[in-house]
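J.: need coordinates for the following:
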Amino acid sequence: MKNIIFGSIFLAITCWACSGDSKPEPTDTPTSGEVTIVVDESFQKLFDNQVFTFEAIYKNAHVLVDYLPENEALTRLINDSCKVVVMCRDLTATERKSFEAKNLFPISTKIAEDAIVLLVNPENNDTILTVEQVKSILLGKDSLWSQLNKQSAPEGIKIVFDNAGSANARYMRDTLLQGKDFSSNVFAVKSNPEVIDYVSTHKNSIGFLSVNWISDMDDSLTTNTLKKVRVVAIAKDTASEPLKAYQAYIKTKEYAFTRNVYMINRQTRAGLGMGFVSFVAGDKGQLMILKAGLIPAVAPVRLVQVNIE
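T.: Residues are numbered from 1 along each chain as shown. Model (predicted):
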């Protein structure tokens, strides 16, 4: 009898020890459960809609979103504080090697083509700039509006970004300035709406943000924004036509400051992270990207039946 009791206790202890060492199996699926993602705050408007629609279709799915600067998004992905990030660049070879060293192989999915727009105060008539002028402004070579236009007042230019670690600041520094530092008159606030508010109240300022903040004309926030600021047309050089970031010019790359948008998923199994990426890259998600003023990575197909008699 004692042997039976001892054996039962030993078996119970053994089972408890084994269960303590094992990790719980994931319970999420591509259309249910919970997942945390981090989105560059440039795309908050767009992904608020994406998440709302996804959860409306899949009632058992809960996508928790943090809107953060691009550099913080990448840090969280590396630290496994989230499963999916949305950024305006793909992972570098070095970053991929750091994941592979942990036996992780993140999947990058291009979901859109975006553009950076420049905003000025409604009282500012300098609404046409060349790429070289933008570069000179960011480097501090042209620090007065009168240096760009002799008819403008000799007042200092204030340049504002949404965040020092944002995709917008990183793109302009790395792509346009080839890694050179911004001038001392460049500073950052804490969000894209703050960029809009600053430009609307400071006559000599110029702000940088994603085109999706000013392109959806069915959105009241967009129409209200365009009442408070003016959008700058950009010419690639003095011989080129100044263009605004309309979808046609983003697609053809005629507009100067275009970039790709990626969703990077470290959850390579068939979980909710992968399910949400598939949704955004699918027909419904791509249509929302189109409506937001960006270029979908996969153009939605519309079938038109023509009856020939």
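J.: check the gap between Leu118 and Asp237 for me.
T.: Computed as CB to CB, to the nearest Å, the Leu118 to Asp237 distance reads 17 Å. Using the backbone N, CA and C atoms, a C-beta is placed for each residue, glycine as well.
J.: of these two, which one has the most company?
T.: Each of Leu118 and Asp237 has its neighbours counted (other CB atoms under 10 Å); Leu118 has more, 24 against 9.
J.: correct me, but the more buried one touches Val231?
T.: Yes - if you go by CB atoms under 8 Å, Leu118 and Val231 touch, sitting 7.4 Å apart.
J.: what are the structural domain limits within this structure?
T.: Domain ranges of the chain: 33-113+260-296, 114-258, per automatic domain parsing.
J.: straight-line length of the shortest one, end to end?
T.: Terminal residues of domain 33-113+260-296 lie 27 Å apart, using CA to CA, to the nearest Å.
J.: strands of the chain, start to end?
T.: 33-40, 61-68, 84-87, 107-120, 128-130, 158-161, 186-188, 205-210, 230-231, 233-235, 258-265, 295-296 (DSSP state E).
J.: which of these sits closest to Asp174?
T.: Closest approach to Asp174 among the strands of the chain is made by strand 258-265 (10.5 Å; CB to CB).
J.: pull up the pairing partners for the closest one, direction included.
T.: Counting by DSSP bridges, the strands paired with strand 258-265 are strand 84-87 (antiparallel), strand 107-120 (antiparallel).
J.: which residues are in contact with stretch 160-169?
T.: If you take CB atoms under 8 Å, 6 or more residues apart in numbering as the criterion, stretch 160-169 is touched by 40-42, 69-72, 87-89, 116, 172, 182, 186-192, 194-195, 198-199, 205-210, 259.
J.: drop anything exposed from these.
T.: Among the contacts of stretch 160-169, those classed as buried by neighbour count (16 or more other CB atoms under 10 Å) are 40-42, 69-72, 87-89, 116, 172, 182, 186, 188-189, 191-192, 195, 198-199, 205-210, 259.
J.: which one of the strands paired with strand 258-265 is the most hemmed in?
T.: strand 84-87 (a mean of 26; mean count of other CB atoms under 10 Å).
J.: hey, C-alpha coordinates of it in CSV?
T.: This file holds the C-alpha atoms of strand 84-87, laid out as CSV (Å, rounded to 0.1, in the frame of the first residue of the first chain):
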residue,chain,number,x,y,z
VAL,A,84,4.4,42.7,-36.2
VAL,A,85,5.7,46.1,-37.1
VAL,A,86,4.8,48.6,-39.8
MET,A,87,7.8,50.6,-41.1
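J.: mean confidence score for it?
T.: For strand 84-87, the mean per-residue pLDDT is 96.
J.: now the strands paired with strand 258-265 as CSV including distance to Ser166?
T.: Formatted as CSV, the strands paired with strand 258-265 follow (distance: least, CB to CB, whole Å):
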stretch, distance to Ser166
strand 84-87, 10
strand 107-120, 10
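J.: nearest to Phe47, out of those strands?
T.: strand 84-87 (6.7 Å).
J.: TSV for the domains of the chain, including distance to Thr27?
T.: What follows is the domains of the chain, written out as TSV (distance: least, CB to CB, whole Å):
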stretch	distance to Thr27
domain 33-113+260-296	6
domain 114-258	33
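J.: where along this protein do the helices fall?
T.: For the chain, the helices defined by DSSP state H cover 2-21, 44-57, 70-78, 93-100, 131-139, 145-148, 167-171, 192-201, 220-228, 247-251, 272-281, 283-291.
J.: among those, which gets the worst mean confidence?
T.: helix 2-21 (a mean of 45).
J.: number of residues surrounding Ile78?
T.: Quick note: Ile78 (other CB under 10 Å) scores 18 neighbours.
J.: what about the residue nearest to it when sequence neighbours are not counted, how many residues nearby?
T.: With CB to CB, 6 or more residues apart in numbering as the criterion, Ile78 has its nearest non-adjacent residue at 6.9 Å, and that residue is Ser98. If you count neighbours by other CB under 10 Å, Ser98 ends up with 12.
J.: equivalent analysis for Asn60, please.
T.: Neighbourhood size, Asn60 [other CB under 10 Å]: 12.
J.: just give the closest residue to it, not the sequence neighbours.
T.: Ser32 (3.9 Å).
J.: list the contacts of the one you found.
T.: Ser32 is in contact with 58, 60-61, 272, counting by CB under 8 Å, 6+ apart.
J.: just to revisit the earlier point, surely the residue nearest to Ile78 meets Thr75?
T.: No - the criterion here is CB under 8 Å, and Ser98 misses it with Thr75 at 11.9 Å.
J.: near Met217, how many other residues are there?
T.: By other CB under 10 Å, the residues close to Met217 number 10.
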